[in-house]
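>>> need a 3D model of the sequence below.
(one chain, ligands or ions: 2)
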Amino acid sequence: MAGTVCGKVAVVGMGSWGTAAAGLLARNAGEVCGWALEEEVARGISEGHRNPLYLPSYELPANVRATSSMGEALDGADAVVVVVPSAFMRPTAERLAPLLGDDVPVCVLTKGVEPGTMMLMTQVVADVCGGPGRMACLSGPTHAEEICQGKPAAAVVAAASDAVADLFRSLFIAPSFRAYVSSDMVGVEACGAVKNVVAIACGIARGLELGDNTSAVLMTRGLAEIGRLACAMGAEPMTCMGLAGMGDLATTCMSPHSRNRTFGAALVAGETLDEYQARTRMVVEGAAAARSAHELAGRLGVDAPIVAAVHAVLYDHAPLQGEMRRLLDRMPYDEFYGLGGDAR
Ligand SMILES: NC(=O)C1=CN([C@@H]2O[C@H](COP(=O)(O)OP(=O)(O)OC[C@H]3O[C@@H](n4cnc5c(N)ncnc54)[C@H](O)[C@@H]3O)[C@@H](O)[C@H]2O)C=CC1
Ligand SMILES: O=C(CO)COP(=O)(O)O
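Ligands and ions are numbered 1, 2, ... in the order given. I've put the predicted structure just below:
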């Protein structure tokens, strides 16, 4: 029944995931008000209950509206969900800061690492808006296209405060959407950012028609790499085995809905990142994450060969086949090296 958890939730960013998330939240909040960059999106949702640019076939519940005024979206909100692409997180947080009440809880759905600072997305928002204790993140295998169709899915809400995690769990839970809880914010966010890089590698392999064994190897060794990086950042190892790690890696590497995987295949066909993003209007977070994850791996002394290969292809003009060859030519060491296995 609408409105049982809280009165108003603001959703900042009405792209694909913001739109689908608003539909979930509308079951448990009295009112959901989205902030959309595009006037046309705000109008389409408020007047016709559809987002004309992202997932236009999805009819939003009647208690969802949208505005291009951040002040109007935030006015009287009991909770805020932020879901703009990672590149716009800091400027968006700067707009949010003067409008956000001191104790209003904030849940970030964006996946990425800020270049330069190497902050995770909740850390960026807390850095600008203050109140790290009110922050949460939600991550997992949640392609917006399938959430809108009511197909079963699940995610994990991580927060330092149990009360904040419980609030967002209650806000997101729906008959076909399960929301688990965790206190490992670093683990959940690190997994969500780095799996997008592995998905680009899987897309490249698919474009090169390398077959299902290759995809499975990239996913499995990618998960080991995610584990090494996330743990070096302070994550709990088990988080990588969960919805934000293995779960999201699987859907992003296998699903035709994945922008990261599709972009990898498009690269093989000769399309550039800018061309792909302009054509689809959608964000490929793994491209930016490849830069940050590669730099983080260097800073933390973590072996991350798949991230390095994607980085080389995207930013050093390295040939795709050559990077694949380089990965294959590496000496295989202990399968769980860096994760409790021997250093041999
Ligand atoms: N689409 C999905 O199924 C899922 C997406 N995510 C994550 O959610 C985040 C947002 O992605 P999507 O909702 O898919 O977006 P999208 O790719 O569908 O749309 C792009 C979004 O960027 C916004 N935008 C463009 N320029 C902007 C600016 N200057 N300032 C603020 N916003 C601007 C657009 O208004 C639009 O909302 C990403 O981090 C993505 O990885 C996470 C889970 C699922
Ligand atoms: O994070 C996602 C699914 O959980 C979205 O992945 P893509 O950005 O590759 O579509």
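
>>> for the rest of this, base every contact and every neighbour count on C-alpha atoms.
Will do.

>>> so where do the helices sit in the stretch 1-150 of the chain?
Ranges of helices within the stretch 1-150 of the chain are 16-25, 39-48, 70-74, 89-96, 121-129, 144-148, based on DSSP state H, counting those that start in this stretch.

>>> between the ones you listed, which gets nearest to residue 201?
Taking C-alpha to C-alpha, helix 144-148 is the member of the helices of the stretch 1-150 of the chain nearest to residue 201, at 21.7 Å.

>>> helices or strands up against that closest one?
helix 16-25 (3 or more C-alpha pairs under 8 Å, 6 or more residues apart in numbering; DSSP states H and E).

>>> which residues touch residue 56?
The contact partners of residue 56, by C-alpha atoms under 8 Å, 6 or more residues apart in numbering, come to residue 50.

>>> and the stretch 51-200 of the chain, which of its residues are near ligand 1?
54, 83-86, 88, 109-111, 142-144 (C-alpha under 6 Å from any ligand atom).

>>> any low-confidence regions in the chain?
1-3, 342-344 (pLDDT under 70).

>>> what parts of it come near ligand 2?
So the chain meets ligand 2 at 140-143, 248, 252, 257-261, 284 (C-alpha under 6 Å from any ligand atom).

>>> closest one to residue 326 out of the residues of the stretch 51-200 of the chain next to ligand 1, please.
residue 111 (28.1 Å).

>>> what is the burial count for the closest residue to residue 244 other than its chain neighbours?
Leaving aside its chain neighbours, residue 244 sits nearest to residue 140 (4.3 Å; criterion: C-alpha to C-alpha, 6 or more residues apart in numbering). Neighbour count of residue 140, defined by other C-alpha atoms under 10 Å: 28.

>>> what sits against residue 140?
154-156, 192, 243-245, 247-248.

>>> ranking by neighbours, what's the top pick from those residues?
That'd be residue 192 among these, by other C-alpha under 10 Å, with 32 neighbours.

>>> wait, what's in contact with it?
Counting by C-alpha under 8 Å, 6+ apart, the residues that residue 192 touches are 111-112, 139-140, 244-245, 248.

>>> then residue 76?
Contact partners of residue 76, counting by C-alpha under 8 Å, 6+ apart, are residue 8.

>>> can you list phi and psi of the residue nearest to residue 244 for me?
Here is the backbone geometry of residue 140 (degrees, to the nearest 10): phi 160, psi -170.

>>> which of the helices of the stretch 1-150 of the chain is buried the deepest?
helix 16-25 (a mean of 25; mean count of other C-alpha atoms under 10 Å).
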